[in-house]
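# coords below, sequence missing:
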């Protein structure tokens, strides 16, 4: 097997898992579970990427910029998937 293919394949899988962790973090942020240790661990994992997009589009107390982060991340995943 080609090593580049293996790197792309496993890199894609890791990025996909990270996408689901981001999704779980966002969903949990709407619940009372934001005060749990589990949620804070997820925030530490997803924070480096999602903090890039914080505060761009804010209406009242709602920050809509994580949507931009999701869209760009999904474009990256689709690009890598097209290479496989």
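Perfect, I can see it now. None of the values given here were measured: they were computed from a predicted structure. Numbering: from 1, shown residues only.

# Grab the longest helix from the protein for me.
The longest helix of the chain (DSSP state H) is helix 3-28.

# quick one: it to chain centroid distance?
Chain-centre distance of helix 3-28: 8 Å, with Cα atoms, centre = their mean, to the nearest Å.

# Any buried residues in the following helix or strand past it, and which?
Using DSSP states H and E, the helix or strand that follows helix 3-28 towards the C-terminus is helix 37-50. Of the residues in helix 37-50, those buried under the neighbour-count criterion (16 or more other Cβ atoms under 10 Å) are 39, 42, 46, 50. In this view, the C-beta of every residue, glycine as well, is placed from N, C-alpha and C.

# sorry, back to before: flag every buried residue along the longest helix of the chain.
9, 12, 19, 22, 25-26, 28.

# Tell me where the model's unsure across the chain.
The model of the chain has pLDDT under 70 over residues 1.

# Closest one of the buried residues of helix 37-50 to residue 70?
Among the buried residues of helix 37-50, residue 50 lies closest to residue 70 (Cβ to Cβ), at 9.2 Å.

# got the contact list for the closest one?
Each residue near residue 50 by Cβ atoms under 8 Å, 6 or more residues apart in numbering is listed here: 22, 25, 66, 69.

# how far away is the closest residue in space to the second one that isn't next to it in sequence from residue 53?
It stands for residue 25. By the measure of Cβ to Cβ, 6 or more residues apart in numbering, the closest residue to residue 25 outside its immediate chain neighbours is residue 42, 4.4 Å from it. The span separating residue 42 from residue 53 equals 17 Å under the rule Cβ to Cβ, to the nearest Å.

# about what we covered before: could you dump the buried residues of helix 37-50 into TSV with distance to residue 75 added?
Below are the buried residues of helix 37-50 laid out as TSV (distance: Cβ to Cβ, whole Å):
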residue	distance to residue 75
39	27
42	23
46	18
50	16
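
# which one of those residues is nearest residue 73?
Within those, proximity to residue 73 (Cβ to Cβ) peaks at residue 50, which comes in at 9.5 Å.

# thinking again about what came up before, just name the closest of the buried residues of helix 3-28 to residue 81, please.
Closest approach to residue 81 among those (Cβ to Cβ): residue 12, at 6.4 Å.
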